[in-house]
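*Asks:* Pasting the sequence and the predicted coordinates here, then a few questions.
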Amino acid sequence: MGSAVIGLVGALLGGAFTLLGAALSERRQARRDDRKWRREQRMSAYDGALRHLLRAANLRSEFAGGRGAAVLKQEHQREWFDDLVEAQFWLHAATRHCDAAQLDRLTGAALLLDSHVALLNTAERFDGKDFSILQILRQCIDTVTDCARLDGGERGTARAVRPEPPGPPPPGLPFSGYSQIPMGNPPPQINLGGAGPVE
């Protein structure tokens, strides 16, 4: 009888340890799945933000005249504004999924982009505006790229050297980083090169 009780207790303990092991294993797997999902969401948000920031910064209809002015014609303006809105969306998505160490920088970039896009959408004319949307987009691109690299696990590697902000164009280059975006009456085109409006 004593051996039967010992056998029963051993079986119960064995079953309990098996259940405990299975529960712990399932919990670890759930944590791994959650970390993987969060990492995928974070990288997806960074990818979307970068894709649309780069598209908005580099979309051109043509380079006008001999002065090298970059122009965005009216038929491409909707696509350009769509990219700005998509960049805003994905930048805000990145703030929801980023590591806590990157939150302040990404939030600052999102607010910077939001405020300047709002200025573009509410002003009547921006022939002589006080900012360059291209410079704002470049700032956001730099911030998102750096945060994505840090969030991607490259914490122990050497940091890339950030280039100095662009100064005045060298002699012979007629355009700077400033853009001219006339608003109000539907413009036939947007001059993104800073060489003045193209007629």
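*Replies:* Cool, the structure landed. Numbering: from 1, shown residues only.
*Asks:* Quick one: the strands in the chain, in order.
*Replies:* 62-64, 69-73, 189-191 (DSSP state E).
*Asks:* Mean pLDDT lowest where, among these?
*Replies:* The minimum mean pLDDT among the strands of the chain belongs to strand 189-191 (a mean of 52).
*Asks:* Need the pLDDT of the nearest residue to residue 114 once chain neighbours are set aside.
*Replies:* The shortest distance from residue 114 to any non-neighbouring residue, by C-beta to C-beta, 6 or more residues apart in numbering, is to residue 88 (6.0 Å). C-beta: built from backbone N, CA, C; applies to glycine. Note for residue 88: predicted pLDDT of 94.
*Asks:* contacting residues around residue 88?
*Replies:* 110, 113-114, 117 (C-beta atoms under 8 Å, 6 or more residues apart in numbering).
*Asks:* again, only this time at 10 Å
*Replies:* Contact analysis of residue 88 by C-beta atoms under 10 Å, 6 or more residues apart in numbering lists 49, 52-53, 56, 110, 113-114, 117-118, 140.
*Asks:* When you filter the residues you listed down to buried only, what's left?
*Replies:* For those, a neighbour count by 16 or more other C-beta atoms under 10 Å gives the buried set as 49, 52-53, 56, 110, 113, 117, 140.
*Asks:* Quickly name whichever of those is closest to residue 16.
*Replies:* Closest approach between those and residue 16, by C-beta to C-beta: residue 49, at 49.4 Å.
*Asks:* need the helices for the chain, in chain order.
*Replies:* For the chain, the helices defined by DSSP state H occupy 2-58, 74-97, 103-122, 133-151.
*Asks:* Return the angle between stretch directions for the third one and helix 133-151.
*Replies:* So that's helix 103-122. Relative orientation of helix 103-122 versus helix 133-151 (axes from the mean of the first three to the mean of the last three C-alpha atoms, to 10 degrees): 160 degrees.
*Asks:* got the angle between helix 103-122 and helix 2-58?
*Replies:* Using the same axes, to 10 degrees: helix 103-122 against helix 2-58 is 40 degrees.
*Asks:* show me where pLDDT drops low in the protein?
*Replies:* 1, 64-70, 123-129, 153-199 (pLDDT under 70).
*Asks:* if we can go back for a sec, and the helices of the chain, which is most packed in?
*Replies:* The highest mean neighbour count among the helices of the chain, using mean count of other C-beta atoms under 10 Å, belongs to helix 133-151: a mean of 20.
*Asks:* which strands and helices sit next to it?
*Replies:* If contacts are counted by 3 or more C-beta pairs under 10 Å, 6 or more residues apart in numbering; DSSP states H and E, helix 133-151 sits against helix 2-58, helix 74-97, helix 103-122.
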